[in-house]
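*Asks:* Test case, fold it:
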Amino acid sequence: MKLLLFGDSLTFGYGVWEKDNIENLIKSAHPQWQVINKGVNGDTTREALDRFEADVLSNNPDAVTFLFGTNDSAMGDGPYRTVYEYNLNMEIMTEHLLLKNKNVKIIYITPPPVDETVFMPWTYNDRLAPYCDECRKLAEKYNCILIDFNSYLTILAKNNINEYLQEDGCHLSEKGYLAFFDCLESTLKSL
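*Replies:* Model prediction:
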């Protein structure tokens with residue numbers, strides 16, 4: 001199994017030791033798999049689309065995870081992408097992937113909630129919600145696997161999200177990555 005993780009800093013593992021990121025947690029549980037991490041800090045779906053051919057299609061993966069939305073929803077002129085653009089970029093990437101390999105397993109992952117009590121996230125859960133909704137709709141439209149990490153972590157955290165996030169209120173902590181892995185694992189086993 002060749003699993004490609006495609007996303008932003010949450011996929012990359014920003015701010016945690018390499019051994020604690022999602023790539024290495026999956027490799028530990030599935031040592032027979034080839035796991036490729038193509039997470040890039042700060043990326044939105046626009047930058048992801050620019051690197052899609054080189055980072056995803058050229059690797060011919062058996063399964064691909066898509067985790068975007070946190071940066072797309074961020075306030076300000078730099079990273080902000082509308083929900084419409086997010087949807088369009090995700091559709092283009094999905095359709096290109098299915099054209100190349102109709103049997104590829106596509107796994108959409110909703111971005112985790114943020115801690116709104118700190119300054120860093122540059123987004124709010126209300127701003128993030130439409131991107132999560134779009135991710136859910138895309139999974140249904142393309143008959144892909146959905147991992148609703150946003151809902152999972154919201155329920156798990158029970159109004160104490162800061163335990164699962166770094167001090168910036170946006171990136172996952174070691175405990176957050178363990179929760180992320182737990183959320184993914186039953187789906188990964190089924191692959």
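*Asks:* so where do the helices sit in this structure?
*Replies:* 9-12, 22-29, 45-55, 83-100, 125-141, 149-157, 174-190 (DSSP state H).
*Asks:* So for the fourth one, what gets flagged as buried?
*Replies:* It refers to helix 83-100. For helix 83-100, a neighbour-count test (16 or more other Cβ atoms under 10 Å) marks 83, 86-87, 89-90, 93-94, 97 as buried. Placement of C-beta: from N, CA and C, glycine included.
*Asks:* and which of these is nearest residue 72?
*Replies:* Closest to residue 72 out of the buried residues of helix 83-100 is residue 86 (4.8 Å), distances taken as Cβ to Cβ.
*Asks:* residues contacting the residue nearest to that closest one when sequence neighbours are not counted?
*Replies:* Nearest residue to residue 86, sequence neighbours excluded (Cβ to Cβ, 6 or more residues apart in numbering): residue 72, at 4.8 Å. Contacts were defined as Cβ atoms under 8 Å, 6 or more residues apart in numbering; by that measure residue 72 touches 44-45, 79-81, 85-86, 131.
*Asks:* Just the buried ones from those?
*Replies:* Buried members of the contacts of residue 72, scored by 16+ other Cβ under 10 Å, are 44-45, 79-81, 86, 131.
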